[in-house]
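Trainee: The following comprises the amino acid sequence and a computationally predicted model.
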Amino acid sequence: MRAISLRSGAAGIVHGMKISKNVIRSVVGLAVVVMGASAVAEARAQHDGGYGFTSVRSGIPDSAARFSVTSPEIHDGGTFPASAFADAFGCSGGNEQFTLDWSGAPSAAKSYAVTMFDPDAPTGSGFWHWLVWDIPATSRQLTGVLPSGAVAGTDSAGIAGYLGPCPPAGDITHHYRITVYALDVAGLGLASSTPAQVATFTMSGHIIGFAQMTVNAKR
């Protein structure tokens, strides 16, 4: 499975690959000599906002096929319009769900699911903003009106339905991963109140394809 880097939620703590203590001492010592301790700290803060990153598995199997997803309101590598920002947590956006269109999914797909995830939220486990599953296999679009049978999942804030981006003011740029999953089952058998981590874990064993775009936000 692919790996995702998540912010740790603990200021000043860095998790990374296991390397020897001698290498760590050499690198840190060289950085201090060349840049100075304060410069090292400043450079690191510019990268991670003062929080470390840790790697977790993405939940998407390496065997999953790729297909395409587009939207009339957003695009891969772009930014969110003000209308899509949250109307909570200090933001005053419209919290309007954008439309997604997808094509080229595996013909064996029996249903689809959609998520929006922020790996840069300083929580230690990211932040799920949007989950929908049990989207019928005949669907090729998701709008503000859910197709019959689809389930609006509960996000990390405990709210069912779409919750727009709202990164902390002054924080680093957040990279929101919007993913459409093609699944090999018609339904996950999960209630709308199922925690996001449980829903995505259940989903992970049924993913046969995915389409993804990353859209950025900063305040």
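Mentor: Good, I have the coordinates.
Trainee: Return the residues in contact with residue 166.
Mentor: Residues near residue 166 by Cβ atoms under 8 Å, 6 or more residues apart in numbering: 85-86, 88-91, 93, 217, 219. Bear in mind the C-beta positions are built from the backbone N, C-alpha and C, glycine included.
Trainee: should've said residue 81
Mentor: By Cβ under 8 Å, 6+ apart, the neighbours of residue 81 are 73-74.
Trainee: pLDDT value on it, please?
Mentor: pLDDT, residue 81: 97.
Trainee: Against residue 158, how distant is it?
Mentor: Per Cβ to Cβ, to the nearest Å, residue 81 is found 25 Å from residue 158.
Trainee: again with residue 189
Mentor: Look at residue 189 and residue 158: by Cβ to Cβ, they are 21 Å apart.
Trainee: How about residue 100?
Mentor: 23 Å.
Trainee: And those two? Which one has more around it.
Mentor: Between residue 100 and residue 158, residue 100 has the larger neighbour count (other Cβ atoms under 10 Å), namely 24 against 10.
Trainee: That one and residue 179 touch, don't they?
Mentor: No - judged on Cβ atoms under 8 Å, residue 100 makes no contact with residue 179 at a distance of 9.9 Å.
Trainee: who touches both of these two?
Mentor: Contacts common to residue 100 and residue 179, judged by Cβ under 8 Å, 6+ apart, are 69, 114.
Trainee: name the element the residue most central in space within the chain belongs to?
Mentor: Centroid-nearest residue in the chain: residue 117, 2.3 Å away (criterion: Cα atoms, centre = their mean). In the assignment (DSSP states H and E), residue 117 maps to strand 111-118.
Trainee: What strands flank that strand, and is each parallel or antiparallel?
Mentor: Using DSSP bridges, the strands paired with strand 111-118 are strand 127-136 (antiparallel), strand 174-183 (antiparallel).
Trainee: quick one on the thing from earlier: so what's the residue nearest to the centre of the chain bridging to?
Mentor: Going by DSSP bridges, residue 117 forms beta bridges with residue 128, residue 177.
Trainee: Local confidence estimate at it?
Mentor: Note on residue 117: pLDDT of 98.
Trainee: my guess is it meets residue 153, correct?
Mentor: No - under the criterion of Cβ under 8 Å, residue 117 makes no contact with residue 153, lying 11.9 Å away.
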